[in-house]
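Participant: here's a sequence, model it:
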Amino acid sequence: MNPLVVLTYFDCKIGPTIFNIFPQETLQEDDAITIKNLMDQMISEGFFTFSANTFYSMNYYFEINSEWARGRKEFLMVSVIFNQPTSKETEKTVFTIYLEFIEWLKAKDSLFTAFYKKHNIDPIYHNIMEENYKLIESWLKEFYEAVMEEAEKNLEEYNINSLFEKKSVLETLIFLSKKPIPIVDLKKWYLKLFPQENFHRMITTLFKCHMIFIPKIGGRIKAPFNIHIKKEVKDIANLVSLKNKLIKKFIQNNITKTPKDLKASVEEFHKLLEHIFPEKQLA
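Facilitator: Numbers count the residues shown, from 1 in each chain. Model prediction:
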């Protein structure tokens, strides 16, 4: 399921009501009930997350001024619904977008009229109700697009980080950093080292992430099709490889001592601490 943006409104007669959804998809009945129940439990404005069996949501409950409501306030909640939990970075980004979006809604004095389209209201207000309803629709679309853009950025960053941590990918990038190589030869080399891996999936992922390229792709070029690595990716791959080697060397020099030697080193270190710190601080 792609993310959904849901605007819930507290109707004075029937309680929490799903007012609008973008994209125009229908929530499962149980999920819609869950969202409405969430709103029914809110007592103060703010951002919160909620996890259910079928979805994960980031929600913001807030109020706008109203000339027609009891207490002169309309109660609203905007929810972004995913099919699984998101990263903390995505949550922070969505929270920031919420703040901007809600300021837009609060700044429009007559916006409250949109929530009375289905009520028996004097016809002289119908035009302004329709105008504000369309305004909310357009804002929901803009909000959704902003959330999707940031979520995709965070996902792409996460995917690229994870790619460098995968041995088969790192080894391929290191291999390509030496010189460009025909794709046929690269496939033979790859399957010899990583026979259980999917070469086509790996090479396509690297291409989609702009880490490798084929010069003049789409033009009239002759085989063999040489695979090139981008300079910045070459530098990163070499640095990651160096980091891994340094970590391995550190472990070999410091962690692979015998239990007896390790115990003696710890005891010696503890005696040093006793000379530096009072005994109570070591407890």
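Participant: excluding its backbone neighbours, what's nearest Leu176?
Facilitator: For Leu176, ignoring the flanking residues on the chain, the nearest one in space by C-beta to C-beta, 6 or more residues apart in numbering is Ile229 at 4.1 Å. For the C-beta atoms, the positions are set from N, CA and C on the backbone; glycine is no exception.
Participant: can you tell me which residues contact that neighbour?
Facilitator: Leu173, Leu176, Ser177, Pro180, Met211, Ile212, Ala237 (C-beta atoms under 8 Å, 6 or more residues apart in numbering).
Participant: do I have it right that the first one meets Lys234?
Facilitator: Yes: with contact taken as C-beta atoms under 8 Å, Leu173 and Lys234 are classed as touching, separated by 7.2 Å.
Participant: now a PyMOL select for only the buried ones of the contacts of Ile229.
Facilitator: Of the contacts of Ile229, the buried ones go into a single PyMOL selection, burial set by 16 or more other C-beta atoms under 10 Å:
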select buried, resi 173+176+177+180+211+212+237
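Participant: would you list the contacts of Ile229 in TSV and tack on pLDDT?
Facilitator: As requested, these are exported to TSV (pLDDT from 0 to 100):
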residue	pLDDT
Leu173	92
Leu176	93
Ser177	92
Pro180	91
Met211	83
Ile212	88
Ala237	88
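Participant: out of the contacts of Ile229, which are inside strands?
Facilitator: Using DSSP state E to define strands, the subset of the contacts of Ile229 located there is Ile212.
Participant: ok, the contacts of Ile229 vs Ser66, which is closest?
Facilitator: Met211 (52.4 Å; C-beta to C-beta).
Participant: in this model Val233 seems to touch that closest one, though I could be wrong.
Facilitator: Yes: using C-beta under 8 Å, Met211 makes contact with Val233 at a distance of 4.6 Å.
Participant: picking that back up, show me the two of the contacts of Ile229 that sit farthest apart.
Facilitator: Pro180 and Ala237 (14.6 Å).
Participant: by contact count, what packs against the strand or helix carrying Met77?
Facilitator: Following DSSP states H and E, one finds Met77 within strand 73-82. Judged by 3 or more C-beta pairs under 8 Å, 6 or more residues apart in numbering; DSSP states H and E, the packing partners of strand 73-82 are strand 4-11, helix 29-40, strand 56-65, helix 88-107.
Participant: and with 10 Å instead?
Facilitator: strand 4-11, strand 15-22, helix 29-40, strand 46-51, strand 56-65, helix 88-107, helix 126-164 (3 or more C-beta pairs under 10 Å, 6 or more residues apart in numbering; DSSP states H and E).
Participant: quick one, that strand and strand 4-11 angle?
Facilitator: Counting by axes from the mean of the first three to the mean of the last three C-alpha atoms, to 10 degrees, strand 73-82 lies at 160 degrees to strand 4-11.
Participant: partner strands of strand 73-82 and their direction?
Facilitator: With DSSP bridges as the test, strand 73-82 is paired with strand 4-11 (antiparallel), strand 56-65 (antiparallel).
Participant: now the longest one, how far from the centre of its chain.
Facilitator: Which is strand 56-65. Relative to its chain's centre, strand 56-65 lies at 19 Å (C-alpha atoms, centre = their mean, to the nearest Å).
Participant: picking that back up, among the contacts of Ile229, name the ones in helices.
Facilitator: Leu173, Leu176, Ser177, Ala237 (DSSP state H).
Participant: tell me who's in contact with the last one.
Facilitator: For Ala237, the contact set (C-beta atoms under 10 Å, 6 or more residues apart in numbering) comprises Phe164, Val169, Leu170, Glu171, Thr172, Leu173, Ile174, Phe175, Leu176, Ser177, Met211, Ile229.
Participant: if you set the cut-off to 8 Å instead, what comes out?
Facilitator: Phe164, Leu170, Leu173, Ile174, Ser177, Ile229.
Participant: over to the first one?
Facilitator: With contacts defined as C-beta under 8 Å, 6+ apart, Leu173 is in contact with Phe164, Leu206, Met211, Ile229, Val233, Lys234, Ala237.
Participant: same thing but 7 Å
Facilitator: Ile229, Val233, Ala237 (C-beta atoms under 7 Å, 6 or more residues apart in numbering).
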